[in-house]
Every structure is written in structure tokens, then in C-alpha cells.
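Asks: coords below, sequence missing:
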């Protein structure tokens, strides 16, 4: 696998970066790679990093080159003597951010496979460890709501049984907050073993912030020996849970694993989501759909369509548009087959069953 230097591509250490005037810029001819002709994915993965490192450096200092590359990456490379295989595609993403990236895809029938991702970044650690961890859990909000509910219930004379139920719920949430907060404090105190244990407990309850923090510590070998597979598992779940920082960490970890090593991690994520659905956690249904069309090396639009269709049937918010997007990617005749053979979820018993016959 690539080292942190080759992955970052442009080792810019700790110096300040700024866009220089065009008069101080090296011309694009400096990118000429003596007419490199890549003929296989192995060539692309082995030799392209150095070339794209120069591209990223040029993007950073030359606005004109940045504009040309953004509009047509392959053409810009070809103009500089770099010819990619016909089934290889390049995208310039996050171009307006402080950390733009180049993504290399291999096109396959009906899909495209992400080969490599290259970032322009200043250094590998990016500052103190706490700067990368989440210090606030969404569980705080529900605990606060529970405490406020107790206050109002006790003030307006609602039945004591209801107040007791809410009180028990608030106590549970307060315990969860305490675990998460203790985990954050443990990191600040450099007690990483305790932090990992606390975040792991919360992560098993599908607390997405804790999953992300656990993944970050495992990726860096803090509290436990470095484990990229476990770190990727937890960060993918955090990404599915809506943690924005998780996507970048997941991509960074994926760069350190082979395709064969990725397979069991993805299977474990799918199994986890299916078990959540089977126990009635409907929040996991759109996550499972998203998994099938975004996380898999080759998107499974049919499975994604089925899960989004189930989400719509259960009246989960904002699912109709996603279901329709998946439908647009499937052949019309196959849609009817999927609808006929679909399984229907029965929340009352928490299992899958065949649909009732139509009269």
C-alpha cells in the first residue's frame, strides 16, 4: 500500500499555501511525462500518483490550469502527454475546498469502480488528536428533552407513572452522555485505553459520534494496536449515520487495504444493518439502501431500489426521491420483476414474509 507521503502526493510540510500570480507560475509544460501510455489498472495505480501529485501542485498555484483541469481532466492530462486507458475516468472533486482531491475510476458495465483517491494536504497529522475527534454526541439532545419533560410533567400534575417512565429514559440517556463525555475526557487525559472502551460501548448502541471516534483511535493505534479493518467498519457505520467527517477518514483507511481485505468489512457492515432492520430499527433501512448503491465496489441499484421502496412504504421521510433515482438506473422490464418478487417487512413480528396474494 502507499505511504502517507505518496498518498498525500504533495509533501508541503508546514509552510503556508496561497494562490500565486500567474507570472510566478511554472507553465503546464512542466507536467509533461514523456507521453506515458497506461495500458492497465496496475500501471495506473503504480505510476499515476507521481503525475497527479504534480497536477495537484499545479492546481493549487495556477488558477488557469485549475480551471482547465476541472472542466476536462482527461483532456488536460493528454495535452501534457499523459494518456489514460479507455476504461479509466478521472474526476476533480471538492475543488473549492482547502483540500481538493482527484478520484480515479475504472469504468465497468453499468457502474464505475473507485481505484484511487489523491488529496492535497498539509501534513498527515493535521494537529492535536482532539481536533479530529467529535466532542459532542447527539444523545445529549434527547437527554435534555427528557429532563425538560420531567420538569413539565411534574409541574402540571401528570400521572406519576408517566413521569417515572420519562425519568427512567432520561437516566438511560444521562448514562450514555456520561460514557461519551468520559471518553472525550479520557482522550484529553491521554488515557486512550479507557477512551476506546467507552466509545466502543456507545458504538455498539449505534451512537454515530462514538463510532467515528472509535474508528479514529483504532486507525491511529491509540488505546489498541492499529487495526484498519475494524476502524473502517466503525467509520463506515458512522458515515451511514450522517457524520460528515467519516467519509474522508473512510477513504483514507480504504487506501491502506486491498480489495480482498475490503470485502469482509463491507459484508460485516451489511450484516449489521440487516440485523438492525430485523429488530425493528427502521432508521437502518435507508442506510442499507445507501450501502448498496454507494459503498459497494459495483453499485447494486436493484437492492438499493428495493430498500428505498420499503422505506417509502413505511413512510420514512425523504425516501421517495431516492427510490425514484434508483428506478431510473434500472431497466424498465426489471422494475416489474423486482416489484413482483419484493419481500414485505412486517414490523409487528420483525421478520420478512411473502406478500399476500392479490384477488
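Replies: Looks like it came in fine. What you see is a predicted model, and the numbers here were worked out from it, not measured in a lab.
Asks: in three-state terms, label residue 107 for me.
Replies: strand (DSSP: H, G, I helix; E, B strand; the rest coil).
Asks: again with residue 318
Replies: Applying three-state DSSP: residue 318 is coil.
Asks: what number of residues lie near it?
Replies: With neighbours defined by other C-beta atoms under 10 Å, the count for residue 318 comes to 9. Where C-beta positions appear, they are placed from N, C-alpha and C, glycine not excepted.
Asks: quick check: it vs residue 305, distance?
Replies: 16 Å (C-beta to C-beta, to the nearest Å).
Asks: do the same with residue 179
Replies: 38 Å.
Asks: neighbour count: those two, which is higher?
Replies: Applying other C-beta under 10 Å to residue 179 and residue 305 shows that residue 305 carries more neighbours, namely 27 against 19.
Asks: what's the more buried one in contact with, if anything?
Replies: 289, 323, 326-327, 330, 335, 338 (C-beta atoms under 8 Å, 6 or more residues apart in numbering).
Asks: secondary structure element for it?
Replies: Assessed by DSSP states H and E, residue 305 sits inside helix 301-313.
Asks: taking helix 301-313 as reference, get the angle to the host helix or strand of residue 337.
Replies: Residue 337 belongs to helix 332-341 when elements are defined using DSSP H and E. Inter-element angle recorded for helix 332-341 and helix 301-313: 50 degrees (by axes from the mean of the first three to the mean of the last three C-alpha atoms, to 10 degrees).
Asks: helices and strands around helix 332-341, which ones?
Replies: Secondary-structure packing of helix 332-341 (3 or more C-beta pairs under 8 Å, 6 or more residues apart in numbering; DSSP states H and E): helix 301-313.
Asks: from the contacts of residue 305, keep the buried residues only.
Replies: Neighbour counting over the contacts of residue 305 (16 or more other C-beta atoms under 10 Å) leaves 289, 323, 326-327, 330 as the buried ones.
Asks: and of those, the nearest to residue 67?
Replies: Checking the buried ones among the contacts of residue 305 against residue 67 with C-beta to C-beta, the nearest one is residue 326 at 33.8 Å.
Asks: so where do the strands sit in the protein?
Replies: With DSSP state E as the criterion, the chain has strands at 36-37, 82-83, 88-93, 101-108, 111-119, 344-346, 351-353.
Asks: residue 70 contacts residue 92, doesn't it?
Replies: Yes: assessed by C-beta atoms under 8 Å, residue 70 is found in contact with residue 92 at 5.1 Å.
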